[in-house]
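[1] any chance you could fold what I've pasted below:
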Amino acid sequence: MKLNFKERLASLYLISTATIIGLLLLFIIFTVKQNVFKQLDEYLISEVGKHQSDIVIKNDTLHFNQNAWMEREHQMLEINPVFVEIVDNKGNVIEKSPNLKNKRLRFYPNKNQDFSSYRLDSIPIRQYQKQIIKNNKSYGYLIVGMSHQNARWIMQKLKKTLLVAFPTVLVLLFFWARYIAGRSIKPVKNITETANLITQSNLQKRIQLPEHKDELYLLAKTINRLLDRIEKAIEREKQFTSDAAHELKTPLQVMKGNIEVLLRKPRTAEEYSNKISKCVKEIDRMSHLTDQLLLLARFESQQKAVDIKNVSLDEIIEQIVQKKLWQIENKNIRFKFEIQNLTSVRTDAYLLHIILDNLIANAIKYTPQNGTIRIVLGDRFIKIGNSGETIPDTELNNIFERFYRANAHQKPHIKGTGLGLSIVKRLCEILDLKINVTSQNNWTEFEINF
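    Alright, predicted model coming up:
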């Protein structure tokens, strides 16, 4: 039979509590028994001390004061009888109390100040035996026994009471534990019910936080944060899909329009060449967009698969600039490369190359004719700045978003997908680099700190 969580919790609580209570009850029984018999033993010792004064040794013979037997406890058997017996060293009876009649207490040779328990007929006896010594010579033994029926009765009553109370307490504890467990897991039920209500179309629903700031409060808060991240991720994916579809749709429409124009009627070779060239440009644009989308998708899921080694920053920058030198010359850009400090850093050379390539390509793209680009290599930082239109502060926070292009409507002649800076941002996160951007007085500058 499978138990639910509440019943398992209650059972574990019951088992642990029952174990503790059981050990406590055993301790109580043991302690009471020890105390009862301790008192009985102390009484026997006092009786031995009292009767020692009744023993007289004359001519190496033991004599006993017969008046000691006049006490009721030595005459009767019914109520707390005390049995006394005096024996010689061989165990022969010299004198004994009247209530023993024809019975004898047990004699243990060569035992002094020794306690023992046994039955005298049907009477449970606790006995104390002490040697009678005078002038370092043993004359015999004084044996005092006493019924411990009352002590046994007390212990039996105690055991019966505890045996009845123990299961009763366990039953009450079980129901109380189920009640407490039910109240304890109530927040868990709320979490489960709320989680069942959350779907892809209802991601705004959140778990109500428990009143007490305990572990369940932390669990609910953590799940809410997880839901926030999932909601944002799904919204980003929706936006990404929409933007990607839009970006891919535009070149397809251009290509379709050009092809439809060519199909309407025969054209000259020059017209065919012109339209086909436009289609090739759109295909190149789609190919570049697809490559960037694949690159972004690859790095979006990448976590720690990086190749860390020593990288020379000036060499990477020189390689990138050499590839783009023709673009710089075509726009007559004044290019400045300042090396304040030759720096070698430990990072992934391939991913860093993509970051710097995108930033330098972005600078060339947005630098106007006869403008300026300046790259500064310092102590564990790189600055890439270019002249051009100032990016408003309201748009600076958005330039790293996918497909976002600042003032795109004002610069239709500048082609792009709006994915380059998104890739830069993601790779900086993977490499644990800090990237900042400032734009003022017609100068935009990106700074990477290692």
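
[2] lowest confidence element among the helices and strands of the chain?
    In the chain, the helix or strand scored least confidently by mean pLDDT, DSSP states H and E is helix 72-75, which has a mean of 51.

[3] ok, Thr168 - how many residues close by?
    With neighbours defined by other CB atoms under 10 Å, the count for Thr168 comes to 10. Any C-beta I mention is one placed from the backbone N, CA and C, and that applies to glycine too.

[4] any idea which helix or strand comes after the least confident helix or strand of the chain?
    Once the chain leaves helix 72-75, the next helix or strand it forms, by DSSP states H and E, is strand 82-87.

[5] and that following strand, what does it pack against?
    For strand 82-87, the packing partners by 3 or more CB pairs under 8 Å, 6 or more residues apart in numbering; DSSP states H and E come out as helix 5-52, helix 72-75, strand 93-96, strand 137-147.

[6] quick one, strands of this protein?
    Under the criterion DSSP state E, the chain carries strands at the ranges 55-58, 61-64, 82-87, 93-96, 114-120, 123-134, 137-147, 308-312, 334-339, 344-348, 372-378, 381-387, 434-440, 443-449.

[7] okay if I get those strands as a markdown table plus mean neighbour count?
    A markdown table is the format used below for those (neighbours: other CB atoms under 10 Å):
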| stretch | mean neighbour count |
| --- | --- |
| strand 55-58 | 12 |
| strand 61-64 | 15 |
| strand 82-87 | 23 |
| strand 93-96 | 18 |
| strand 114-120 | 13 |
| strand 123-134 | 18 |
| strand 137-147 | 21 |
| strand 308-312 | 12 |
| strand 334-339 | 13 |
| strand 344-348 | 15 |
| strand 372-378 | 18 |
| strand 381-387 | 21 |
| strand 434-440 | 15 |
| strand 443-449 | 18 |
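
[8] just put those in CSV and tack on distance to Lys33 and mean pLDDT.
    Shown next, in CSV, are the strands of the chain (distance: least, CB to CB, whole Å; pLDDT from 0 to 100):
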stretch, distance to Lys33, mean pLDDT
strand 55-58, 33, 76
strand 61-64, 34, 72
strand 82-87, 21, 87
strand 93-96, 30, 85
strand 114-120, 12, 86
strand 123-134, 12, 87
strand 137-147, 16, 87
strand 308-312, 73, 86
strand 334-339, 92, 89
strand 344-348, 75, 84
strand 372-378, 86, 90
strand 381-387, 82, 91
strand 434-440, 75, 89
strand 443-449, 78, 90
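
[9] out of those strands, which is closest to Phe37?
    Nearest to Phe37, of all the strands of the chain, is strand 123-134, at 7.1 Å by CB to CB.

[10] by how many degrees do the closest one and strand 82-87 diverge?
    With axes from the mean of the first three to the mean of the last three CA atoms, to 10 degrees defining the directions, strand 123-134 sits at 40 degrees from strand 82-87.

[11] report all helices and strands that strand 123-134 contacts.
    helix 5-52, strand 55-58, strand 114-120, strand 137-147, helix 149-184.

[12] so for Ile328, which of the strands of the chain sits nearest?
    Between Ile328 and the strands of the chain, the shortest gap by CB to CB is with strand 334-339, which sits at 5.4 Å.

[13] parallel or antiparallel, which strands does that closest one pair with?
    The strands that strand 334-339 pairs with in its sheet are strand 372-378 (parallel) (by DSSP bridges).

[14] how many neighbours does Ile191 have?
    Once other CB under 10 Å is used to define contacts, Ile191 is seen to have 19 neighbours.

[15] for it, report the pLDDT, please.
    According to the prediction, Ile191 has pLDDT 77.

[16] do Pro412 as well
    Looking at Pro412, the pLDDT reads 47.

[17] so which of the helices and strands packed on strand 123-134 is the most packed in?
    Per-stretch averages of neighbours, counted by mean count of other CB atoms under 10 Å, single out strand 137-147 among the helices and strands packed on strand 123-134, with a mean of 21.

[18] pull the CA atoms of that strand into PDB?
    Taking Å, rounded to 0.1, in the frame of the first residue of the first chain, the C-alpha atoms of strand 137-147 are listed here in PDB:
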ATOM      1  CA  LYS A 137      37.500 -13.800  64.000                       C
ATOM      2  CA  SER A 138      34.300 -14.900  62.200                       C
ATOM      3  CA  TYR A 139      31.600 -16.400  64.500                       C
ATOM      4  CA  GLY A 140      28.900 -16.800  61.900                       C
ATOM      5  CA  TYR A 141      26.500 -14.800  59.800                       C
ATOM      6  CA  LEU A 142      23.500 -12.500  60.300                       C
ATOM      7  CA  ILE A 143      20.900 -13.000  57.500                       C
ATOM      8  CA  VAL A 144      18.000 -10.600  57.200                       C
ATOM      9  CA  GLY A 145      15.300 -11.100  54.600                       C
ATOM     10  CA  MET A 146      12.200  -9.100  53.700                       C
ATOM     11  CA  SER A 147       9.300  -9.600  51.300                       C
END
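
[19] nothing else from me, thank you.
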